[in-house]
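3D model of this:
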Amino acid sequence: MAHPDFPQRLLNLIANTVTTFLLIMLFYILQYIFDMDFVCSCRQGVNLNGALYLAAPPLILTLVANIMKRFHQSSSFFSWRFPVSRCTNCNNNFCSCIMNFFFTYVSVSAIWVSTVLFDGDWYFCLKTNLDSSHTGLPCRKNLTYNEDRIKDAYRTDSLDWGFAVICGFLMLWAIVESCQTVKNTDASINHVVYEELQA
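Next comes the predicted model:
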């Protein structure tokens, strides 16, 4: 005999899978749009387009994720409304809503930044723009042997930083999850002890 909540569980599983799939597709679309070979400004110093290249895609993905989460948690397709005064999963606490949004943004940013660093174009542009003797190097078509080695060195450094970002994020996530598990375990043990004392 089937469990009475089976249809609802199946619907939730399908909805979660579709939501995850759509987020992955959006990530790859953004990757395709922004990864059409990062165009370096070839001007000395840090430029606005480099900062936007790192900050905008995670912000877009975070906003879409929050909207999809809100859409997914509504009871039906036609009852969805943009949440103005309340936030999902935040117990109507504005501060916890902001923190939830911030942690989602940091998570998506870690993935995006590591992807950008794995590619190496952005880092190569940044490092050469910060060094006055190398400014404009990414914009040249034909590089000398030494310039090619400089490019390879910056791309290798970029790859190293990409691994450091993603590994650091995963380690932090694992620590937070293990602390959360210990906290939940302690709470359940305290509840059992409290129940035994009550009896």
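
so what pLDDT did S79 get?
Reading off the confidence values, S79 has pLDDT 37.

buried sites along stretch 166-186?
Neighbour counts using 16 or more other Cβ atoms under 10 Å place I166, F169 of stretch 166-186 among the buried residues. Bear in mind the C-beta positions are built from the backbone N, C-alpha and C, glycine included.

next one: that stretch to chain centre, how far?
On the basis of Cα atoms, centre = their mean, to the nearest Å, the separation between the geometric centre of stretch 166-186 and that of its chain is 17 Å.

who touches that stretch?
The contact list for stretch 166-186, computed with Cβ atoms under 8 Å, 6 or more residues apart in numbering, reads S107, A110, I111, S114.

buried members of these into PyMOL, please.
Buried members of the contacts of stretch 166-186, defined by 16+ other Cβ under 10 Å, are picked up in PyMOL with:
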select buried, resi 107+110+111+114
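
let's have the contacts of stretch 166-186 in CSV, adding distance to A164 and secondary structure.
What follows is the contacts of stretch 166-186, written out as CSV (distance: Cβ to Cβ, whole Å; DSSP: H, G, I helix; E, B strand; the rest coil):
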residue, distance to A164, secondary structure
S107, 16, helix
A110, 11, helix
I111, 14, helix
S114, 9, helix
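
just the contacts of stretch 166-186 now: which is nearest N49?
When these are compared for distance to N49 (Cβ to Cβ), S114 wins out at 19.8 Å.

would you check that the closest one makes contact with S158?
No - taking contact to mean Cβ atoms under 8 Å, the distance of 10.3 Å between S114 and S158 leaves them out of contact.

still on that earlier bit, and which of the contacts of stretch 166-186 is nearest Y123?
Within the contacts of stretch 166-186, distances to Y123 taken as Cβ to Cβ reach their minimum at S114, with 11.5 Å.
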